[in-house]
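*Asks:* From the sequence below, what's the structure:
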Amino acid sequence: MKTSPTTQYIQSIVAVISTVLLLGCESQEAATIDIGGDTDSNTAGDVDTDTDTDTDADTDADTDADTDADTDTSTDEEICDEQDIALTLAGVNVGFLVDFSASMEGSKWIETASAIEKIVTDPANAATQFGLHVFPDPLAPMTNQCQTSPGPIVDVGAGTAQDITSWMQGNAPGNGSTPLVDALEFYLGTSETALHDLEMSNYIVVLSDGEDRCYADSFAESILGNPTANMLSGVADDLKDVSHIRTIPIGFGDISEKAKLQLNAIAKNGGSSFKEYIPAADGPALEIALDEIAKSIRPCKYFIASPSAEADPTKVNFYFDGVVVNRDRTHQDGWDWTKNDKPEVAFYGPACTKIQDGLVSDVKATFGCPTQINGEETCAESDFFLKFPPAAIMLLTDISVSMLQGGKWGAAMAAITNMVVDDRNNYNLFGLAAFPSGEAGAVDLDRCEVGPSPEVALGGADSRLMIVEWASTPRGVTVGISTPLIAGLERLILRPGGIEADDVSGVVIVITDGKDNCAPVEEQSAVDQLTEITTEIVTRHDARVFAIGYGEGADEAQLNAIAASGNTPFDTYFNANSQQELEEIFKQIASVVTSCVFEVPYAGPNVDYNEVNLYFDGEAVPMDPNGENGWHWVNELLKEQVEFTGDYCDMLIAGEVTDVSIEFGCEPIVVI
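*Replies:* All right, here's what the predicted structure looks like:
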C-alpha cells in the first residue's frame with residue numbers, strides 16, 4: 001500500500017468532522033479519547049473515573065479505582081500512539097451539462113434553472129463543488145446549430161452557486177440542436193477543467209430533453225443502426241476509466257425512444273450507481289431527481305496522510321463517534337481500502353449512509369491494533385489486489401460493401417461496441433484491423449488492398465474508444481465487393497500488432513460475411529493458404545484464432561480452415577445472424593481466453609507464503625491443493641502464481657468477479 005501524502009481538507013456536509021489518526025501500538029484506553037479538540041474523558045464509559053452520576057466509591061465497584069481494572073489509570077498496557085495525522089474527507093465535483101437547445105426554451109428552462117439553484121445553494125451540499133456547461137454553444141451562429149462551447153460557462157469550484165444561478169436566470173435557449181456527443185467529448189483527454197482533479201470525486205450530470213441529431217446523419221443512421229448511442233457508450237466508458245469522471249443522465253420531459261436509448265447508453269457505462277437514465281417529467285420531478293443524485297454522491301471516502309516509519313499500517317481500525325466500524329471486503333456495510341495509488345479508505349452501505357445523513361460527528365482511526373472484523377481481531381498482516389491477466393484481442397473485420405446489406409454492419413458494430421465497453425473487459429487490450437483498406441468512401445469495386453497497420457492499435461481504454469468511434473461512423477465501410485480475407489489474416493504474421501507480447505494472451509477474432517475472392521487461387525488452394533497462415537500465427541505468436549461467419553453468405557470451408565487451425569476448443573467456425581447471436585459468441589470466446597491463473601507479486605522478505613488467503617469481491621475462496629474447486633499454487637516451491645479451479649474459475653470466466661485480492665498472515669481456509 002503506497003503512502004503518498006494528502007494535505008487538502010474538505011469540510012463535511014453537516015458539521016466539521018474531526019478526523020485523526022493515532023499511529024503506533026494503541027491501548028483500548030487511548031482508542032476512546034477524542035483528540036479532535038474534545039479531550040473530555042467522559043466520551044467513553046470505560047475511562048470515566050470521576051464524572052459518573054454514581055460516584056459512591058464505597059458501594060459501586062465500577063468506580064473503585066483499587067478493584068476495577070476498567071478504571072485503573074495505572075494500566076500496564078503498552079501505549080505508543082505518539083503521532084496524530086489528519087484524515088481528509090474527499091471532495092466532490094459536479095459539473096452540470098445542460099441542454100440549451102431550442103426545445104428547452106420557456107417553462108422547461110425556468111424549471112431547470114430553479115431546480116439547479118436549489119441544489120447548488122442547499123447547505124447539505126456545502127462540501128460539493130458545482131459547475132455549469134451548456135450545449136450547444138450559446139454564441140453559435142444560425143448556420144451551425146451543432147456548434148459546442150469551448151468550455152464550461154462556470155467551471156467547478158468553491159463558491160460558484162451565485163455565478164451558476166445568475167447565468168441561468170439571465171440567459172435562455174434560442175436556436176440550436178443537441179450536440180451531446182461533442183459536448184461530452186470536451187471532458188476527454190487534457191481539456192482545461194477542474195473536473196480532472198484526481199484529488200476529488202468527479203461527476204457530470206447530463207440534463208437533456210431530446211436526442212443528439214448532430215453526431216450521425218440519416219445515411220449513417222440507415223447503415224449503422226444506432227451509432228450515436230454506441231458512441232455515447234464509448235465516451236462515457238472512457239470518461240470513467242481514463243478521465244475518472246462518472247456520468248449521470250437525466251431525461252427531462254417526454255423524451256423520444258431514441259433519446260432514451262442514448263441516455264441509457266451513458267448511464268450503463270457512466271460508472272455511477274444509476275444504471276438507467278433518471279426520468280423527470282416536470283420541474284418538481286427534476287428537483288427530486290437532482291436531490292437524489294446529490295445525496296448519492298456525498299463523500300464517504302477519506303485520504304490518509306503518510307504514517308511514520310514506526311507505524312504498522314497493516315493494523316488499523318476506524319471509529320464513528322468512538323464505536324469501531326468493521327472492515328467489510330464485500331462493501332455491504334463497513335470500510336475497505338480503495339484501489340487507488342494513494343492510501344484511501346471508503347465506507348460502504350449503512351456506514352456510508354450515516355456519514356451522508358450527518359449522523360456521524362467524529363471519524364477517526366488507530367494504527368497499531370489488529371483490525372476488527374465482525375467484532376473480532378483479524379490475524380492479517382498485509383493484503384493487496386491482484387491484477388487480472390490480460391488478453392490482447394485483435395478484431396479482424398470484413399468491411400466490404402456486402403456488410404451493409406440486411407443491417408449486418410450496424411448489428412456487428414453494436415455488438416463490438418458492447419463488448420469493448422463492458423467493464424468486465426477493462427483489463428483486456430483491444431485493437432482492430434479491417435479488410436479491405438483504402439480511402440473511405442471511395443468507389444472501387446475491385447478493392448483488395450489491406451493496410452500495413454491495424455486501423456486501431458492494440459491498447460487499453462483509449463483504443464476501446466477509438467474502436468467505438470470507428471464503428472460508429474460510416475467511413476469504416478468501403479464501397480466494393482472484394483473480400484481479401486487471406487491478405488488480411490496474413491498481415492498479422494509479420495505485423496501482429498501486440499498479440500505476440502509475452503505478458504498477454506494473444507487472440508485474433510475474424511469476422512466476415514463472405515469468402516476471400518481476391519487471391520487468384522482455386523477454392524481448395526484458398527483453404528490450404530488459410531490453414532497455413534493461421535498455423536503460422538498460432539505457432540509464431542502463441543496466439544489463438546477464432547472465426548465468425550456473419551449471415552448466410554459466409555464460406556464454410558474457408559472459415560472452418562481458420563477455426564480448425566486456430567488453437568482453440570472450437571474446430572468449426574461460429575455462425576451469427578443477429579447482434580444478439582454475435583454477442584453470445586463473444587461471450588463463448590471470452591470463456592476460453594479468460595485466464596484463471598494470476599501472478600502473485602513479491603510481498604516482501606518477512607511474508608509467510610504458507611499463511612495466505614484469496615478473496616473474490618471480499619468473499620474467501622478456499623484453498624484446494626487437489627486443484628478441483630478453489631485455489632492452489634501453480635508451483636508449490638516458487639509460489640509466484642495461483643490458479644482458481646472449478647466453480648471459482650467459472651465465476652472468473654462468466655465475468656462475475658470484480659476484484660481478486662490476496663491476504664497474508666492468516667492460516668488458509670482449506671476445502672474439507
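
*Asks:* Next, the spatially closest residue to residue 633 that is not a sequence neighbour: secondary structure please.
*Replies:* Distances taken as CB to CB, 6 or more residues apart in numbering place residue 639 nearest to residue 633, at 5.3 Å, with adjacent residues excluded. Where C-beta positions appear, they are placed from N, C-alpha and C, glycine not excepted. In terms of secondary structure, residue 639 is coil; the call rests on DSSP: H, G, I helix; E, B strand; the rest coil.

*Asks:* Equivalent analysis for residue 165, please.
*Replies:* Bear in mind the rule, three-state DSSP; under it residue 165 is helix.

*Asks:* Now do the same contact list for it.
*Replies:* Taking CB atoms under 8 Å, 6 or more residues apart in numbering as the criterion, residue 165 is in contact with 113, 116-117, 120-121.

*Asks:* If we go by neighbour counts, what in stretch 353-372 is buried?
*Replies:* Along stretch 353-372, the positions that meet the burial threshold by neighbour count (16 or more other CB atoms under 10 Å) are 354-356, 360-372.

*Asks:* Ok, stretch 248-261 next?
*Replies:* Across stretch 248-261, burial judged by 16+ other CB under 10 Å covers 248-253, 255, 258-261.

*Asks:* sorry, back to before: so which of the buried residues of stretch 353-372 belong to helices?
*Replies:* Secondary structure assignment by DSSP state H places 354-356 of these in helices.

*Asks:* can you tell me the helix or strand for residue 470?
*Replies:* Taking DSSP states H and E as the criterion, residue 470 maps to helix 461-471.

*Asks:* who are the neighbours of that helix, in terms of helices and strands?
*Replies:* Helix 461-471 makes packing contacts with helix 227-241, helix 408-421, strand 429-435, strand 456-459 when contacts are defined by 3 or more CB pairs under 8 Å, 6 or more residues apart in numbering; DSSP states H and E.

*Asks:* Check the secondary structure at residue 156 for me.
*Replies:* Using three-state DSSP, the secondary structure recorded for residue 156 is strand.

*Asks:* need the contact list for it.
*Replies:* Residue 156 makes contact with 93-95, 129-131, 193-195, 202 under the criterion CB under 8 Å, 6+ apart.

*Asks:* Now, these that are in strands?
*Replies:* Assignment to strands by DSSP state E places the following of those there: 93-95, 129-131, 202.

*Asks:* that older thread, same list (the ones in helices among the buried residues of stretch 353-372) but as CSV, adding pLDDT and distance to residue 615.
*Replies:* Conversion of those to CSV gives the following (pLDDT from 0 to 100; distance: CB to CB, whole Å):
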residue, pLDDT, distance to residue 615
354, 92, 25
355, 89, 25
356, 86, 27
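
*Asks:* and which of those residues is nearest to residue 287?
*Replies:* Lowest distance from residue 287 to those (CB to CB) belongs to residue 356, with 18.6 Å.

*Asks:* give the contact list for the closest residue to that closest one other than its chain neighbours.
*Replies:* In this structure, residue 356 finds its nearest non-sequential neighbour in residue 298, 4.3 Å apart by CB to CB, 6+ apart. Neighbour list for residue 298: 13, 92, 124-125, 127-128, 355-356 [criterion: CB under 8 Å, 6+ apart].

*Asks:* what's the closest of those to residue 469?
*Replies:* Using CB to CB, residue 92 is the member of those that sits closest to residue 469, with 29.7 Å.

*Asks:* Does that closest one touch residue 205 like I think?
*Replies:* No - with the criterion set as CB atoms under 8 Å, residue 92 and residue 205 do not qualify as a contacting pair; they are 11.6 Å apart.

*Asks:* who are the neighbours in contact with the closest residue to residue 456 other than its chain neighbours?
*Replies:* Distance criterion CB to CB, 6+ apart; nearest residue to residue 456, sequence neighbours excluded, is residue 432 at 4.2 Å. By CB under 8 Å, 6+ apart, the contact list for residue 432 reads 394-395, 397, 454-456, 467, 470.

*Asks:* These into TSV, with extra columns for pLDDT and distance to residue 516?
*Replies:* As requested, the contacts of residue 432 are arranged in TSV below (pLDDT from 0 to 100; distance: CB to CB, whole Å):
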residue	pLDDT	distance to residue 516
394	97	18
395	97	18
397	93	14
454	89	19
455	88	19
456	92	23
467	94	24
470	88	23
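
*Asks:* Just the buried ones from those, in PyMOL syntax?
*Replies:* One line in PyMOL is enough to select the buried ones among the contacts of residue 432; burial here means 16+ other CB under 10 Å:
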select buried, resi 394+395+397+454+455+456+467+470
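
*Asks:* would JSON lines of the contacts of residue 432 with distance to residue 422 be doable?
*Replies:* Shown next, in JSON lines, are the contacts of residue 432 (distance: CB to CB, whole Å):
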{"residue": "394", "distance to residue 422": "17"}
{"residue": "395", "distance to residue 422": "14"}
{"residue": "397", "distance to residue 422": "18"}
{"residue": "454", "distance to residue 422": "21"}
{"residue": "455", "distance to residue 422": "21"}
{"residue": "456", "distance to residue 422": "17"}
{"residue": "467", "distance to residue 422": "13"}
{"residue": "470", "distance to residue 422": "17"}
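
*Asks:* In the protein, which helix is the longest?
*Replies:* With DSSP H applied, the helix covering the greatest number of residues in the chain is identified as helix 523-541.

*Asks:* how far away is the spatially closest residue to residue 498 that is not a sequence neighbour from residue 428?
*Replies:* If the residues on either side of it in the chain are set aside, residue 498 comes closest to residue 458, at 3.6 Å by CB to CB, 6+ apart. Computed with CB to CB, to the nearest Å, the distance linking residue 458 and residue 428 is 10 Å.

*Asks:* what sits in contact with each of these two?
*Replies:* Both residue 458 and residue 428 are contacted by residue 392, under the criterion CB under 8 Å, 6+ apart.

*Asks:* next one: stretch 643-657 to chain centre, how far?
*Replies:* Going by CA atoms, centre = their mean, to the nearest Å, the spacing between the C-alpha centre of stretch 643-657 and its chain's C-alpha centre is 20 Å.

*Asks:* Quick check: phi and psi at residue 263.
*Replies:* Comment: the main-chain dihedrals of residue 263 come out as phi -70, psi -40, following degrees, to the nearest 10.

*Asks:* And the ones in strands among the contacts of residue 156, which two are furthest apart?
*Replies:* Checked with CB to CB, those reach their widest spread between 130 and 202, with 11.8 Å between them.

*Asks:* Give me the common contacts of those two.
*Replies:* Common contacts of residue 130 and residue 202 (CB under 8 Å, 6+ apart): 93, 95, 156.

*Asks:* for those, which one is nearest residue 335?
*Replies:* For residue 335, the closest of these turns out to be residue 93, at 23.0 Å, with distances computed as CB to CB.

*Asks:* would TSV of the buried residues of stretch 248-261 with pLDDT and secondary structure be doable?
*Replies:* What follows is the buried residues of stretch 248-261, written out as TSV (pLDDT from 0 to 100; DSSP: H, G, I helix; E, B strand; the rest coil):
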residue	pLDDT	secondary structure
248	98	strand
249	98	strand
250	98	strand
251	98	strand
252	98	strand
253	96	coil
255	97	coil
258	94	helix
259	97	helix
260	97	helix
261	96	helix
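
*Asks:* List the buried residues in the longest helix of the chain.
*Replies:* In terms of neighbour count (16+ other CB under 10 Å), helix 523-541 has its buried residues at 526-527, 529-531, 533-538, 541.

*Asks:* do the same with stretch 296-309
*Replies:* By neighbour count, and taking 16+ other CB under 10 Å as the criterion, the buried residues in stretch 296-309 are 297-305, 307.

*Asks:* when you check the residues you listed against the helices, which ones overlap?
*Replies:* Helix and strand membership here follows DSSP H; of these, those in helices are residue 297.
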